[in-house]
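Asker: only geometry, no sequence info:
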C-alpha cells in the first residue's frame, strides 16, 4: 500500500504544477515530511525507489521532480517519510 502511495505521489508531482511548487517550497523550508503526511502520502525511501523503478523513471528523475529524495547526498535508507522525520 505504501508503494502505491509513492506511485501516486510521483504521478501527482509529474502532473500537478501547483502541487509540485508547494512540495518544493515545503522541502526548501524543511517541512516536506509533514507536507507529504498532510497530503495523505505515506511511504519510505525504499518504497519510493521501488515505485520509481516500476514506473520506469530514471535515477535522475528526482532532479526533474523537485529533488524528491534529497539529492545524491541524501540519506535514502532512513525509515518513515522521505525526510526521515
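Answerer: It's in. Bear in mind that the values here come from a model prediction, so they are computed numbers and not experimental data. Numbers count the residues shown, from 1 in each chain.
Asker: any buried residues in the longest helix seen in the chain, and which?
Answerer: The residue-count maximum for a helix in the chain (DSSP state H) belongs to helix 2-15. Going by neighbour count (16 or more other Cβ atoms under 10 Å), the buried part of helix 2-15 is 3, 5-7, 9-10, 13. From N, CA and C alone the C-beta is placed, and that goes for glycine too.
Asker: what's it in contact with?
Answerer: For helix 2-15, contacts defined as Cβ atoms under 8 Å, 6 or more residues apart in numbering pick out 19-20, 23, 36, 39-44, 47-48, 50-52, 54-55, 57, 61, 65-66, 68.
Asker: these in strands, which ones?
Answerer: In strands, defined here by DSSP state E, there are no members of those.
Asker: sorry, back to before: would you point out the most distant pair within the buried residues of helix 2-15?
Answerer: Greatest spatial distance among the buried residues of helix 2-15 (Cβ to Cβ): 3 and 13, at 15.7 Å.
Asker: narrow the contacts of helix 2-15 to those in helices?
Answerer: Those of the contacts of helix 2-15 mapping onto helices are 19-20, 23, 36, 47-48, 50-52, 54, 61, per DSSP H.
Asker: let's have these in JSON lines, adding pLDDT, distance to residue 29 and neighbour count.
Answerer: As requested, the ones in helices among the contacts of helix 2-15 are exported to JSON lines (pLDDT from 0 to 100; distance: Cβ to Cβ, whole Å; neighbours: other Cβ atoms under 10 Å):
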{"residue": "19", "pLDDT": "94", "distance to residue 29": "16", "neighbour count": "16"}
{"residue": "20", "pLDDT": "91", "distance to residue 29": "15", "neighbour count": "15"}
{"residue": "23", "pLDDT": "92", "distance to residue 29": "11", "neighbour count": "24"}
{"residue": "36", "pLDDT": "93", "distance to residue 29": "13", "neighbour count": "22"}
{"residue": "47", "pLDDT": "92", "distance to residue 29": "24", "neighbour count": "19"}
{"residue": "48", "pLDDT": "89", "distance to residue 29": "20", "neighbour count": "24"}
{"residue": "50", "pLDDT": "91", "distance to residue 29": "28", "neighbour count": "16"}
{"residue": "51", "pLDDT": "90", "distance to residue 29": "25", "neighbour count": "21"}
{"residue": "52", "pLDDT": "89", "distance to residue 29": "24", "neighbour count": "20"}
{"residue": "54", "pLDDT": "90", "distance to residue 29": "30", "neighbour count": "12"}
{"residue": "61", "pLDDT": "53", "distance to residue 29": "22", "neighbour count": "16"}
